[in-house]
Structure formats: C-alpha cells, structure tokens
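In: The following block contains a protein sequence and its predicted model.
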Amino acid sequence: MTLSFPLLVALIGIALAFDFLNGLHDAANSIATVVSTRVLKPHYAVAWAAFFNFIAFLFFGLHVANTVGKGIIDADVVDASVIFAALAGAISWNLITWALGIPSSSSHALIGGLIGAGLAKTGVSAIVWSGVIKTVGAIFVSPAVGLILALVLVLVVAWTSVGLTPIGVDRRYRRLQLVSAALYSLGHGGNDAQKTMGIIAVLLYSQGLLGGEFSVPLWVVLSCQAAMALGTLFGGWRIVHTMGSKITRLTPPQGFCAETGGAITLFMATMGGIPVSTTHTITGAIVGVGASRRLSAVRWNVAGNIVIAWFVTLPCAGLIAAAAYGLVSLVA
C-alpha cells in the first residue's frame, strides 16, 4: 500500500513518538544509580544522560537498526499497516508499564509488536527466526553479563581502594560515577535509538523511497537520537525510584560498578547488532552489586516482579499489535 505524503509523515511521527517514550520510559536506566547515590540531582542527571543519548550515533555503527529493520520480520512483507500496528503495540505496553512504574523493556515491546503484526498479516512465514532467536536469547544473556561484569568490577574497586579512607573512596567514585553514567547513556542511546531507526527505514523501504536497497538515511539517525534524548530529558521518575532504591541500596562505588558493567554489555551488544534491553542489562548489574554485599541486600521480591515483566512484554505487546493490525485491516 502506497501512502500519501501526509500519512507517511504521520506514521514517521508516531515512530518518533515511540522513540520519545522510549527515552522517557528508560531514563531510569541511565540515571537511577547516579540519582540514588546523590551524585547528581535529578534534573542535572537527565540533562547529562540526554546529551550522551544524542551523541551516541557518533560512536556506533547501525548494526542494531539493520537487525530491527530486516532481521525480525521479512522487510518485503512490511507495509504501513504492519508498522502502525507494531508501534501501537509497543507504545500501548510502554504506557501501561510506565503508569504502573514497572521497568519493562521498550526494546522487547517493539520487537513483540513487530512479531505480532507480522504474524497477523502473513503468519509464521513473515518471521526471520535467526533475528528473533538472537533477540530472545539476549533476554537471558544481557542481564547475566551485566551481573557478572558488575561483580568483577566490585572486586576491582575493592582491590584498588585498599589504603584509602572511606571518605576518599566516596570522593573518588562520586567523580567516576559521572563517567560511568555517561558511558551507560552512550550505550543506551546507541542501542535503543537504533531500533526506531530500523522501523522508520523499513517503512521508507516499503514505500520505495530508499532506491530498492535497505539503508538508514542520516536524517533518520539524527531524528531518532534527538527524540530519544528529549524523552530522557523529561525523565521517568516512577521507574527511577524502582531501579534506584527498591532493588537494593547503592553507594557511589557500587553505582559506578553497575553503570560500567551495564555500559560494557551494551557496547558489545550494539557492535554485534543485537537489540538488547537496557532495562534488563542495568537491572542485572544492580542485582550483582547488591548481591556482592550479601544476598539479603537484594529485595528479591521486587527483582522477581521485574523478571516477570521481562517475560510478558513480548507476548503482550505482540497481542496488542495483532489486534491493532486486525482493526486497521477492517477499516482500510
């Protein structure tokens, strides 16, 4: 289906609205630790994170955008209805979990929306299983890697802090946490903004506006980075509270370890073209630093509720997207 120019612009606007909500919803991932340790006040923290969200495109390729654009469902079956339904599923689930203060994954909401819309249109033949398996596998791998790296960093911090007074350690890692928060925000902007880039690029491809070959135009890159940064600037305070204090109490050295472990995980995933969840990653890292003190330092009931949200996000967003595709098909 060929769209008129106003409808095409409107659909791109919806995609950018999702990107904005992604930044709003996932602001907690970038700033929860630096706010909970009182290294930065909330409004300074979101400005710090938003800046590094925006410039992330300067440091990473577009591997994740390519995976989302043509590696989840077949790009040749994508049309405007599929894109609209996928975005409707992702945005609806994001709003539901944001209102409830649940740190679910915007990334997997979008992936679930794509899968649900693709299945509603053509069935299982629409699915690119290699990309889906890689993405679903990351649900388990990314938090585990974040947790392990955070634990290793806790040991490194303890070893390098021998001989320092508690005040000296606190002062050192208050400064270093600014660096770790910046690195995590780079990873967040690099991985998450690319998912919307992939959605807009495959929409343009479906309309024959990319010259017959899938690619991501520069204006799409800049628009998506800006939308995500703006969303981060507005913050997501309910989820900040959950991530920053309800799972475990953090000190500046622990916040540094969590953010750095999460950032390394995101850098590796982004370079490998894997659309991971920034929420999963930082949660695993926070649990890791909490458990390094003692297992009882982690509020496992809160962490368990977050894990449940991880598992239900893909199917719930997919079901909403499939229903949206059915409604669009009836009125189209």
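Out: Structure's in. What do you need?

In: so where's the chain shaky on pLDDT?
Out: By pLDDT under 70, the low-scoring segments of the chain are 1, 27-30, 103, 235-249, 293-307, 332.

In: Please repeat the previous calculation with a cut-off of 80.
Out: The model of the chain has pLDDT under 80 over residues 1-4, 22, 24-43, 98-106, 139-140, 212, 234-250, 279-280, 290-311, 332.

In: for it, which helix is longest?
Out: Criterion DSSP state H: the longest helix present in the chain is helix 166-206.

In: from the chain's centre, how far out does that helix sit?
Out: Mean C-alpha position of helix 166-206 versus that of the full chain (C-alpha atoms, centre = their mean, to the nearest Å) differs by 9 Å.

In: elements contacting it?
Out: With contacts taken as 3 or more C-beta pairs under 8 Å, 6 or more residues apart in numbering; DSSP states H and E, helix 166-206 sits against helix 5-36, helix 42-54, helix 63-70, helix 80-100, helix 106-122, helix 218-234, helix 252-271, helix 278-293. To be clear about C-beta, it is placed using only N, CA and C from the backbone, and glycine gets the same treatment.

In: okay if I get those as TSV plus distance to K195 and mean neighbour count?
Out: Output for the helices and strands packed on helix 166-206, formatted as TSV (distance: least, C-beta to C-beta, whole Å; neighbours: other C-beta atoms under 10 Å):
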stretch	distance to K195	mean neighbour count
helix 5-36	8	23
helix 42-54	13	21
helix 63-70	5	24
helix 80-100	9	22
helix 106-122	5	28
helix 218-234	9	21
helix 252-271	11	27
helix 278-293	11	28
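
In: Mind putting these into a markdown table with distance to S130?
Out: Formatted as a markdown table, the helices and strands packed on helix 166-206 follow (distance: least, C-beta to C-beta, whole Å):
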| stretch | distance to S130 |
| --- | --- |
| helix 5-36 | 24 |
| helix 42-54 | 29 |
| helix 63-70 | 10 |
| helix 80-100 | 19 |
| helix 106-122 | 14 |
| helix 218-234 | 24 |
| helix 252-271 | 16 |
| helix 278-293 | 21 |
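
In: ok, residues contacting stretch 144-164?
Out: Applying C-beta atoms under 8 Å, 6 or more residues apart in numbering, the external contacts of stretch 144-164 come out as 169, 172-173, 253-254, 256-258, 260-262, 264-265, 268, 280-289, 291-292.

In: again, but for stretch 216-231
Out: 16-17, 19-25, 27, 50-51, 53-57, 62, 65-66, 69, 189, 192-194, 196-198, 200-201, 204, 210.

In: Could you rerun that using 6 Å?
Out: Here stretch 216-231 makes contact (C-beta atoms under 6 Å, 6 or more residues apart in numbering) with 16, 19-20, 22-24, 50, 53-54, 57, 62, 65, 189, 193, 196-197, 200-201.

In: Now Y205: closest residue in space that isn't a chain neighbour?
Out: Leaving aside its chain neighbours, Y205 sits nearest to F214 (5.1 Å; criterion: C-beta to C-beta, 6 or more residues apart in numbering).

In: List the contacts of the residue nearest to A258 when sequence neighbours are not counted.
Out: Spatial nearest neighbour of A258, excluding adjacent residues (C-beta to C-beta, 6+ apart): A285 at 4.1 Å. Counting by C-beta under 6 Å, 6+ apart, A285 touches G146, A150, A258, G261, G262.

In: burial count for A321?
Out: When neighbours are defined as other C-beta atoms under 10 Å, A321 has 32 of them.

In: Reduced to three states, what does it come out as?
Out: helix (DSSP: H, G, I helix; E, B strand; the rest coil).

In: Look up how far I111 lies from it.
Out: Distance of A321 to I111, computed by C-beta to C-beta, to the nearest Å: 10 Å.

In: buried stuff in whichever strand or helix holds V141?
Out: Using DSSP states H and E, V141 maps to helix 129-160. Residues 131-132, 134-135, 138-139, 141-143, 145-147, 149-151, 153-154, 157 are the ones in helix 129-160 that count as buried (16 or more other C-beta atoms under 10 Å).

In: repeat for stretch 192-209
Out: Within stretch 192-209, the residues that qualify as buried are 192-206, counting by 16+ other C-beta under 10 Å.

In: mind saving the C-alpha coords of stretch 277-289 as PDB?
Out: Taking C-alpha atoms only, stretch 277-289 is exported to PDB below (Å, rounded to 0.1, in the frame of the first residue of the first chain):
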ATOM      1  CA  SER A 277      17.100  -4.400  26.600                       C
ATOM      2  CA  THR A 278      18.800  -1.600  28.500                       C
ATOM      3  CA  THR A 279      16.400  -2.300  31.400                       C
ATOM      4  CA  HIS A 280      17.400  -5.900  31.600                       C
ATOM      5  CA  THR A 281      21.000  -5.000  31.500                       C
ATOM      6  CA  ILE A 282      21.100  -2.400  34.300                       C
ATOM      7  CA  THR A 283      18.800  -4.500  36.500                       C
ATOM      8  CA  GLY A 284      21.200  -7.400  36.300                       C
ATOM      9  CA  ALA A 285      24.100  -5.100  37.100                       C
ATOM     10  CA  ILE A 286      22.300  -3.600  40.100                       C
ATOM     11  CA  VAL A 287      21.400  -7.000  41.400                       C
ATOM     12  CA  GLY A 288      25.100  -8.000  41.000                       C
ATOM     13  CA  VAL A 289      26.400  -5.200  43.100                       C
END
